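Participant: Pasting the sequence and the predicted coordinates here, then a few questions.
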Amino acid sequence: MTEKWYQLSVETHRRYGGKISVIPKVPVRSIEDFVIYYTPGIAEVSRQIHKNPEMAFELTSRWNIIGVLTDGTRVLGLGNIGPEAAYPVMEGKALIFKYLGGVDAIPIPIRVRTPEEFIFVAKALEPALGGINLEDIESPKCFYLLDKLREELKIPVWHDDQQGTATATLAGLINALKLVGKKFSDVVIALIGAGASNIYTARILIKYGAKPGNLILVDSKGILHPERDDIDKMMLENPWKYKYAIETNAERRKGGIPEAMKGADVVIGASRPGPGVIKKEWVASMNKDAIVFALANPVPEIWPWEAKEAGAKIVATGRSDFPNQINNSLIFPAVFRGALDVRATTITDEMLIAAAEEVAKFAEEKGIHEEYIVPKMTEWEVYVREAATVAAMASSQRVARIPRSYNEELEIARSIISKSIKTLEILMREKIIE
């Protein structure tokens, strides 16, 4: 079945020549309109921006444009395949940004050799963009780039593999724990994989109320703990992982995945594609009403039915063909919609937590159950509400250039997102897009 989808994807991309294009947003009734849109009228627009560069957000499309920036060093499950091969993934991201968030995103795969070159390119691009979405960058370089660019740029910089996945995971876990009647402060959580996704997930879970000592992280060499042979090397080469080797795992468990999962209430897999990375007997060793998030793509660490057979109460994956898809596509279009609309200078962890709570609340209002803990991507109203929550939180934290309330952003986001969806529907109906 997978081979069938691979073939169809190649054929579809060849037929359409990619997935996105640029279309005008202003009326063109005659050549005289270009007197306004281009020369000579445009000179006054440029003069005003020269006097005040912030006017670029008012007088150009910069307010709604982000760059999807990658060096192609860790693309999906394919590894370091380079910037050219990363392009179709970035273009797919841009399509989702537009359809679900009304955000104009541009794929920008770049050929750079060092983190410093990457930072130079990102800073050089800042005048053209309202935000930057970092994508598919190897660990631990991705941590350094996110920290450095958030520090140096005055536009939102986001790494979806870190922040997006962590936010989606938190949203799902909020409702999963409600269903099994457990509290964040009480549960033991095993995080399988200690790369971009789970390192930031640990950070967000702790901020939300999980006890650091109750988190047990596992990388390719085993459970993180302060006595590991490579702890000094980790401190020098990956201080982000080192932090959690020191601060988590209060029991000082040692070993690998089975030892981490024994007696745990939750397991969050963000490691390598399965199946077989997580075994049924390890799920059976978890506490009663266990929660299993097997998020590796394209194949989860354990098949959902195997986890259920082993006693898991709630199971989630990253795939749309199984119940409970925990996917950052639920997060990034709306977070950027809200951040762009208030001209945010950054995206804070509090904005992410607010987004996760709104996603969880939306699903709860619909009626959560074991096979519905987060909304589906087709429930587009969740993106509107999420954007409004993010904008309101940015405003309350004073990182918004144009502060807006929840209700103000609700109407703005609904208008922009619905227009994006309707535009595509019209293009398809008129057979402009076949």
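Facilitator: Thanks, I have the structure now. Everything numeric in this text was worked out from a predicted model, so none of it was measured. Numbers count the residues shown, from 1 in each chain.
Participant: can you list contacts of stretch 114-133?
Facilitator: 53, 56-57, 62-69, 71, 93, 97, 105, 108, 110, 112, 141, 144-145, 148-149, 152-160, 332, 336, 339-340, 343 (C-beta atoms under 8 Å, 6 or more residues apart in numbering). Placement of C-beta: from N, CA and C, glycine included.
Participant: what's the answer for stretch 232-241, then?
Facilitator: For stretch 232-241, contacts defined as C-beta under 8 Å, 6+ apart pick out Ser139, Pro140, Phe143, Ala194, Ile199, Leu217, Asp219, Leu224, Arg228, Tyr242, Ala245.
Participant: switch the cut-off to 6 Å
Facilitator: For stretch 232-241, contacts defined as C-beta atoms under 6 Å, 6 or more residues apart in numbering pick out Pro140, Phe143, Ala194, Ile199, Tyr242.
Participant: Please apply the same query to stretch 257-274.
Facilitator: Stretch 257-274 has contacts (C-beta under 6 Å, 6+ apart) with 77, 187-193, 197-198, 216, 218, 223, 253, 277-278, 282, 285-287, 291-296, 299-302.
Participant: So which of those residues are in strands?
Facilitator: Among the contacts of stretch 257-274, the members falling in strands (DSSP state E) are Ile189, Ala190, Leu191, Ile192, Ile216, Val218, Ile223, Ile291, Val292, Phe293, Ala294.
Participant: Need the max-distance pair from those residues.
Facilitator: Ile223 and Ile291 (19.4 Å; C-beta to C-beta).
Participant: From the neighbour counts alone, determine which of these two ranks first.
Facilitator: Ile291 (27 against 23; other C-beta atoms under 10 Å).
Participant: Just the buried residues of the helix or strand harbouring Glu365, please?
Facilitator: Element membership for Glu365 (DSSP states H and E) is helix 349-366. Neighbour-count burial for helix 349-366, counted by 16 or more other C-beta atoms under 10 Å, picks out 351-363.
Participant: That helix - contacts with which helices or strands?
Facilitator: In terms of contacts (3 or more C-beta pairs under 6 Å, 6 or more residues apart in numbering; DSSP states H and E), helix 349-366 is packed against helix 165-180, helix 381-396.
Participant: looking at these, which is closest to Phe34?
Facilitator: When the helices and strands packed on helix 349-366 are compared by C-beta to C-beta, helix 381-396 sits nearest Phe34, at 33.9 Å.
Participant: and the closest one, what's its mean pLDDT?
Facilitator: Confidence over helix 381-396 (mean pLDDT, whole number) is 98.
Participant: so who does Tyr406 touch?
Facilitator: Ala388, Ala392.
Participant: Neighbours of Ile278, how many?
Facilitator: 27.
Participant: just for the stretch 1-150 of the chain, where's the confidence low?
Facilitator: 1-2 (pLDDT under 70).
Participant: could you redo the last one with a cut-off of 90?
Facilitator: Applying pLDDT under 90 to the stretch 1-150 of the chain flags the ranges 1-6, 76-79.
Participant: And the helices in it, which stretches?
Facilitator: 2-16, 34-37, 42-51, 56-59, 82-101, 115-125, 141-152 (DSSP state H, counting those that start in this stretch).
Participant: what separates the second one from the chain centre, distance-wise?
Facilitator: This means helix 34-37. Relative to the chain's own centre, helix 34-37 is displaced by 39 Å; criterion: C-alpha atoms, centre = their mean, to the nearest Å.
Participant: any residues touching that helix, and which ones?
Facilitator: Against helix 34-37 from outside (C-beta under 6 Å, 6+ apart): Gly41.
Participant: buried sites along that helix?
Facilitator: Buried residues in helix 34-37, counting neighbours by 16+ other C-beta under 10 Å, are absent.
Participant: Where does pLDDT dip in the stretch 301-434 of the chain?
Facilitator: Checking the stretch 301-434 of the chain against pLDDT under 90 turns up 320-321, 434.
Participant: got the helices and strands packed on helix 349-366 as a markdown table, with mean neighbour count and distance to Leu134 columns?
Facilitator: Below are those laid out as a markdown table (neighbours: other C-beta atoms under 10 Å; distance: least, C-beta to C-beta, whole Å):
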| stretch | mean neighbour count | distance to Leu134 |
| --- | --- | --- |
| helix 165-180 | 24 | 13 |
| helix 381-396 | 26 | 18 |
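Participant: right, so of the ones you listed, which gets closest to Glu32?
Facilitator: Closest to Glu32 of the helices and strands packed on helix 349-366, according to C-beta to C-beta: helix 381-396, at 37.5 Å.
Participant: angle of the closest one against helix 165-180?
Facilitator: With axes from the mean of the first three to the mean of the last three C-alpha atoms, to 10 degrees applied, the angle from helix 381-396 to helix 165-180 works out at 110 degrees.
Participant: Can I get helix 381-396 in PDB, CA atoms only?
Facilitator: C-alpha atoms of helix 381-396 as PDB (Å, rounded to 0.1, in the frame of the first residue of the first chain):
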ATOM      1  CA  GLU A 381     -12.800  26.200  13.000                       C
ATOM      2  CA  VAL A 382     -10.200  24.900  15.500                       C
ATOM      3  CA  TYR A 383      -7.500  26.900  13.700                       C
ATOM      4  CA  VAL A 384      -9.500  30.100  14.100                       C
ATOM      5  CA  ARG A 385      -9.900  29.600  17.800                       C
ATOM      6  CA  GLU A 386      -6.300  28.600  18.200                       C
ATOM      7  CA  ALA A 387      -5.100  31.700  16.400                       C
ATOM      8  CA  ALA A 388      -7.300  33.900  18.600                       C
ATOM      9  CA  THR A 389      -5.800  32.300  21.700                       C
ATOM     10  CA  VAL A 390      -2.200  32.800  20.500                       C
ATOM     11  CA  ALA A 391      -2.800  36.400  19.500                       C
ATOM     12  CA  ALA A 392      -4.400  37.200  22.900                       C
ATOM     13  CA  MET A 393      -1.600  35.600  24.800                       C
ATOM     14  CA  ALA A 394       1.000  37.400  22.700                       C
ATOM     15  CA  SER A 395      -0.800  40.700  23.500                       C
ATOM     16  CA  SER A 396      -1.000  39.900  27.200                       C
END
